[in-house]
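Trainee: Mind looking at a prediction? Sequence and model below.
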Amino acid sequence: MDYVGPLPESTYQGVTFKYILAFVCQLSKMKHFVAMQSIEPKEAAEAFYRYVWMQHEVPEIATLGIERRLSTAFHPETDGQTEKSNSGIEEYLQSYVNYHQDDWSEWLPGSEFAANNVPSVTTGCSPFFANVGQHPRIGFEDVEIRPGLGTVAHQEALNADAFANKMRDVTSHLQDEMLIAQAEYKARTNKHRTPAPVYQVGDEVWLNAKNLRRARLTEKLNARHEGPFKIIEALSPVTYRLELPPSMQNHPVFHTNLLLPTADNPLPGQRRNPRPPITSAKGDQEWYLNAILDSRVNRRHRNLIEYKVQ
């Protein structure tokens with residue numbers, strides 16, 4: 001699941017929306033696009049309950065091997081399937097929204113139907129077919145007039161065992177196609193990759209600053225890396241949690257391709273320059289305080305209050 005937005009405000013049936021929440025099934029590729037008023041967790045939970053749980057039942061975590069995995073900062077490959085789905089939503093809506101782009105919520109159901117009726121490159125069939133074993137009726141097909149289904153022959157034709165076997169074959173096909181696609185993607189990607197460096201808790205690394213906001217006049221003269229920062233947790237062989245100062249206001253989990261190891265002692269006896277002072281968004285210098293010990297009023301400077309800190 002992932003969000004698209006914020007988007008221009010769009011009102012539908014008296015409710016104003018600003019975001020789209022996309023749910024994507026990893027196996028069948030079935031998608032649900034939900035117009036959202038905010039990105040609050042409570043609203044997301046209600047959307048999951050209404051559009052996923054009530055329509056497809058709650059995922060069986062222990063049986064299916066599904067685990068909660070949050071994306072790392074600035075590494076969309078972690079949840080690339082949903083990122084690709086989001087791109088499809090945007091392309092569809094671009095073709096139908098008005099000039100002011102404030103009617104996208106009206107076109108969202110059509111976007112979901114279109115996305116679920118297109119064969120997936122990975123599975124070879126549409127999400128609709130993967131879910132129910134047949135293609136959806138759009139409403140323009142010729143109507144087939146059939147005799148009543150009261151006879152035993154017709155009842156046997158709709159035998160539940162046959163449907164269950166068909167769905168079992170579909171599921172097996174999806175799993176095989178997904179494994180093949182994942183293996184091919186992994187082989188193509190790793191062909192041009194070098195092995196990721198392995199870090200230990202306590203190591204210091206430089207953080208690639210291309211995605212960071214810094215309160216300086218021009219990015220062209222900024223350093224390419226910030227830090228060094230200490231690794232405080234290894235979440236996976238390629239994902240690490242860094243000890244960042246609160247002023248950075250960044251998600252502290254990063255992929256290894258954004259980290260650079262520090263040299264232990266590049267020049268013996270060399271003094272490392274101290275880190276530049278932390279500044280606010282306005283450029284004012286900031287410090288971290290442990291406690292305020294005392295205070296006084298300085299009447300010589302417009303009654304400013306001075307603090308003694310630790």
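Mentor: Received it, and whenever you're ready, just let me know what you need.
Trainee: When you work out contacts or count neighbours from here on, use the C-alpha atoms and nothing else.
Mentor: Noted.
Trainee: can you give me the helices in this structure?
Mentor: Assigned by DSSP state H, the chain shows helices spanning 41-48, 54-56, 61-64, 80-94, 104-116, 127-132, 152-157, 160-190.
Trainee: what's the least confident stretch among the ones you listed?
Mentor: Ranked by mean pLDDT, the helices of the chain bottom out at helix 61-64, with a mean of 41.
Trainee: Okay, now the unreliable bits of the stretch 151-300 of the chain?
Mentor: Applying pLDDT under 70 to the stretch 151-300 of the chain flags residues 151-161, 163-179, 181-182, 185, 193, 213-221, 264-289.
Trainee: residue boundaries of the strands in it?
Mentor: 204-208, 225-236, 239-242, 253-255, 259-261, 278-279, 285-286, 292-298 (DSSP state E, counting those that start in this stretch).
Trainee: what about the residue nearest to D103 when sequence neighbours are not counted, neighbour count?
Mentor: With Cα to Cα, 6 or more residues apart in numbering as the criterion, D103 has its nearest non-adjacent residue at 5.3 Å, and that residue is S10. By the criterion of other Cα atoms under 10 Å, S10 has 20 neighbours.
Trainee: which residues sit in contact with S10?
Mentor: The contact partners of S10, by Cα atoms under 8 Å, 6 or more residues apart in numbering, come to T16, F17, K18, Q101, D102, D103, W104, S105.
Trainee: farthest-separated two in those residues?
Mentor: The largest separation in the contacts of S10, counting by Cα to Cα, is between T16 and Q101 at 13.2 Å.
Trainee: if we can go back for a sec, ok, so of the contacts of S10, who is nearest P127?
Mentor: S105 (22.1 Å).
Trainee: wait, isn't the closest one in contact with F33?
Mentor: No - using Cα atoms under 8 Å, S105 is not in contact with F33, being 10.0 Å away.
Trainee: V253 pairs with what?
Mentor: R241 (DSSP bridges).
Trainee: And F17, by the same measure?
Mentor: Under the criterion DSSP bridges, F17 forms beta bridges with S10.
Trainee: residue contacts, it?
Mentor: Neighbour list for F17: E9, S10, T11, A35, M36, Q37, S38, S105 [criterion: Cα under 8 Å, 6+ apart].
Trainee: Of these, which is the most crowded?
Mentor: Counting by other Cα under 10 Å, top hit in the contacts of F17: S105 with 27 neighbours.
Trainee: how near is that residue to Y19?
Mentor: S105 is 9 Å from Y19, where distance means Cα to Cα, to the nearest Å.
Trainee: Which neighbours do these two have in common?
Mentor: What both S105 and Y19 touch, as defined by Cα under 8 Å, 6+ apart, is the set A35.
Trainee: residues contacting the closest residue to L235 other than its chain neighbours?
Mentor: Using Cα to Cα, 6+ apart and skipping residues adjacent in sequence, the residue nearest L235 is R241, 7.1 Å away. Neighbouring residues of R241 by Cα under 8 Å, 6+ apart: I231, I232, E233, A234, L235, P252, V253, F254.
Trainee: Could you give the number of residues near the nearest residue to Y51 once chain neighbours are set aside?
Mentor: Closest residue in space to Y51, ignoring its immediate chain neighbours: H32 at 7.1 Å, by Cα to Cα, 6+ apart. When neighbours are counted by other Cα under 10 Å, H32 registers 23.
Trainee: surely H32 meets Y3?
Mentor: No - in this structure H32 lies outside contact range of Y3 using Cα under 8 Å: 11.9 Å.
Trainee: Tell me the residues that contact both of the two, please.
Mentor: A22.
Trainee: Reformat the strands of the stretch 151-300 of the chain as TSV; add distance to H135.
Mentor: Below are these laid out as TSV (distance: least, Cα to Cα, whole Å):
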stretch	distance to H135
strand 204-208	47
strand 225-236	40
strand 239-242	40
strand 253-255	40
strand 259-261	46
strand 278-279	58
strand 285-286	61
strand 292-298	69
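Trainee: For A130, which of these is the nearest?
Mentor: strand 225-236 (32.0 Å).
Trainee: quick one: strands adjacent to the closest one?
Mentor: strand 204-208 (antiparallel), strand 239-242 (antiparallel).
Trainee: neighbouring contacts of it?
Mentor: Against strand 225-236 from outside (Cα under 8 Å, 6+ apart): 199-210, 240-244, 262, 275.
Trainee: Of these, keep whichever come out buried.
Mentor: Using 16 or more other Cα atoms under 10 Å as the burial test, the contacts of strand 225-236 include Y199, E204, V205, W206, L207, N208, A209, Y240, R241, L242, E243, L244 as buried.
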